[in-house]
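[1] Model the structure of this input:
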Amino acid sequence: MKILVLNSGSSSQKSALFELGPESSRDPVPPLWEGSLQWSGEAEELHIRNQTGSEIRRSSKAGDHRASVAAMLENLWNGPTAALKSPCEINVAGHRIVHGGPKLIKPTLITAQVKQAIEEVAAIAPLHNQAGLQGIELIEKLLPNVPQIAVFDTGFHRTLPTKAFVYPVPYIWYEREGIRRYGFHGINHEYCANRAAQMLGQDISSLKIVTCHLGNGCSLAAIDSGKSVDTTMGFTPLEGLMMGTRSGSVDPGILIHRQRNNSQDSNELDRALNHESGLLGISGVSGDMREVLKAMRAGNERAQLAFDIFVHRLQAGIAAMAASLGGIDVLVFTAGMGENSPEVRAAACEKLGFLSIELDGTKNSGARADAEVSSVPSKTRVLVIRAQEDWAIALACVGLSRRGDIEAPVEPTQAWQSGTE
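    Predicted coordinates:
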């Protein structure tokens, strides 16, 4: 089965083609073809590579995003990077959808009803869900006979207990509007938990795992016996850890104060918290940890402060997740910073000795995912695991196709009032 995976973002589009059989190994396999588009202001960066090593790299002026994505996908069957003879060889298309809301919690065949449900929660994650819908509509036009499957970042956190997902605000907000913790990055949190168990040769049902997804967006998950029991992101992807340009959790009173005394409306606050805060807002340098570290080494005090705040909140978050689990057996670092920044990993673990966490400095400084970086005496195993969202989506598509298990969305009230399946 050939599966085309689309990971659509507000400023990027990543796509990959996998070929998997019904009994495929759960070990990640490289894609037959992968392409990415990055948009920054008026600039557009294209990179395509197939399994044989043929590449296309191109920089150009950004035009219509959908036209650019369509042109990129045509390289699947045309040109030097072609991996197919015809688009008819594609059996299914899988999409990462950031927010499934209360209705959509499992990989689901995309229908008009499902598209409407994704649209209904777009106000909670407008940049991400609208991009996902555009990806779906593009495949409908390019490959009208190919079934499409949505895999939801919020879905893994469907097992959160009620005490973890209900906010301490008027209960009627939850009852009438479904305001609750959803959690995000679930596709990768779930993959990393299973990969950790596999790497350690242990049954996941015996493990308490904290996964740290540290990219431009950052979140933690507490995973007990393979199920999410707590996480740092909430109703939206804004809650929790300090991030690249997002603030993470702040005192809500600050927002009331800003509205009352600075006449800031909701759009201005949204822009400030989502795009002008985090590493960028504190350092004044960048939302990219690599640039912050470079400035820090050059003596930039605000860059040092940004790093210190990031680490302080990360340490507190890891400890909180361990408390939710009642202990910790495995700590996982994944995604951009988690995989590639030994400085972040070392600083995060420095004060976690009380959780029996101890890094091996040599292993940590030279680690390449997937690898263990904990010392021999460390009772808690510390792993670096490569994020494999595209692979996990492809695997979910195979599973759904094999089972023929196409579930209709549930009513919102049912989902809101059920913390577990």
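[2] Point to the residue nearest the middle of this structure.
    The chain has residue 185 as the residue nearest its centroid, 3.2 Å off, counting by CA atoms, centre = their mean.
[3] so what pLDDT did the residue nearest to that residue when sequence neighbours are not counted get?
    Beyond its immediate neighbours in the sequence, the residue positioned closest to residue 185 (CB to CB, 6 or more residues apart in numbering) is residue 213, lying 4.4 Å away. (Each C-beta comes from the backbone N, C-alpha and C, glycine too.) Among the per-residue scores, residue 213 holds a pLDDT of 97.
[4] again, but for residue 122
    79.
[5] Spit out the contact partners of it.
    Residues in contact with residue 122, defined by CB atoms under 8 Å, 6 or more residues apart in numbering, are 99, 129, 130, 133.
[6] The last one reaches residue 121, doesn't it?
    No: if you go by CB atoms under 8 Å, residue 133 and residue 121 don't touch, sitting 10.9 Å apart.
[7] Most distant residue from the centre of this protein?
    Computed with CA atoms, centre = their mean, the maximum C-alpha offset from the centroid of the chain is found at residue 261, amounting to 35.6 Å.
[8] I'd like to know the phi and psi angles of that residue, please.
    phi -100, psi -20 (degrees, to the nearest 10).
[9] any idea how far residue 253 is from it?
    Relative to residue 253, residue 261 is positioned 12 Å away (criterion: CB to CB, to the nearest Å).
[10] Ok, residue 88 next?
    Applying CB to CB, one obtains 58 Å for the distance of residue 88 from residue 253.
[11] neighbour-wise, which of the two wins?
    Taking other CB atoms under 10 Å, residue 88 and residue 253 do not tie; residue 88 has more neighbours (11 against 8).
[12] From residue 2, how far off is that one?
    10 Å.
[13] Which neighbours do these two have in common?
    Both residue 88 and residue 2 lack any common contacting residue under the criterion CB under 8 Å, 6+ apart.
[14] and the residue nearest to residue 185, that one's in a helix?
    No: when DSSP: H, G, I helix; E, B strand; the rest coil is applied, residue 213 is found to be strand, with no helix at that position.
[15] Tell me how many other residues crowd it.
    29.
[16] Could you do residue 123 as well?
    The criterion is other CB under 10 Å. On that basis, residue 123 has 11 neighbouring residues.
[17] distance of it from residue 266?
    Separation of residue 123 from residue 266 (CB to CB): 12 Å.
[18] Can you get me the centre-to-centre distance for stretch 249-262 and its chain?
    Mean C-alpha position of stretch 249-262 versus that of the full chain (CA atoms, centre = their mean, to the nearest Å) differs by 28 Å.
[19] Quick one: list the elements packing against the host helix or strand of residue 60.
    Secondary structure here is read from DSSP states H and E; on that basis residue 60 sits in strand 55-61. The contact analysis (3 or more CB pairs under 8 Å, 6 or more residues apart in numbering; DSSP states H and E) places strand 55-61 against strand 43-50.
[20] Direction included, what does the strand it packs on pair up with?
    Partners of strand 43-50 in the sheet, by DSSP bridges, are strand 33-40 (antiparallel), strand 55-61 (antiparallel).
[21] Check what contacts it and list those residues.
    32-39, 55-63, 68, 72, 75, 81-83.
[22] same check, this time on stretch 244-257
    With CB under 8 Å, 6+ apart as the test, stretch 244-257 has contacts from 215-218, 232, 237-242, 269, 273-281, 287-289, 313.
[23] cool, stretch 290-299 as well?
    Identification of contacts with stretch 290-299 by CB under 8 Å, 6+ apart yields 279, 283, 285, 286, 303, 304, 306, 307, 341, 343.
[24] And that stretch, how far out from the chain middle?
    On CA atoms, centre = their mean, the centre of stretch 290-299 falls 26 Å from the chain's centre.
[25] For it, could you pull out the residues that count as buried?
    Going by neighbour count (16 or more other CB atoms under 10 Å), the buried part of stretch 290-299 is 292, 293, 295, 296.
[26] what about the last one, which SS state?
    Read that as residue 296. Look at residue 296: counting by three-state DSSP, its state is helix.
[27] Tell me the bridge partners for residue 13.
    With beta bridges defined as DSSP bridges, residue 13 has these partners: residue 8, residue 37.
[28] out of the contacts of stretch 244-257, which are buried?
    Of all the contacts of stretch 244-257 considered here, the ones buried according to neighbour count by 16+ other CB under 10 Å are 215-218, 232, 237-242, 273-274, 277-281, 287-289, 313.
[29] Contacts for the helix or strand residue 323 falls within, please.
    Element membership for residue 323, per DSSP H and E: helix 301-325. Outside of helix 301-325, the residues within contact range by CB under 8 Å, 6+ apart are 164, 208, 210, 212, 214, 218, 220-224, 229-230, 232, 240-242, 248, 279, 282-285, 289, 292-293, 295-296, 328, 331, 344, 347-348, 350-352, 355.
[30] now do 6 Å
    Outside of helix 301-325, the residues that reach it under the criterion CB atoms under 6 Å, 6 or more residues apart in numbering are 208, 210, 220, 222, 224, 229-230, 232, 241-242, 279, 282-285, 292, 295-296, 328, 347-348, 351, 355.
[31] where do the strands sit along the protein?
    Along the chain, the stretches classed as strands by DSSP state E are 2-8, 12-19, 33-40, 43-50, 55-61, 92-97, 108-109, 148-152, 208-214, 218-224, 227-231, 330-334, 371-372, 381-384.
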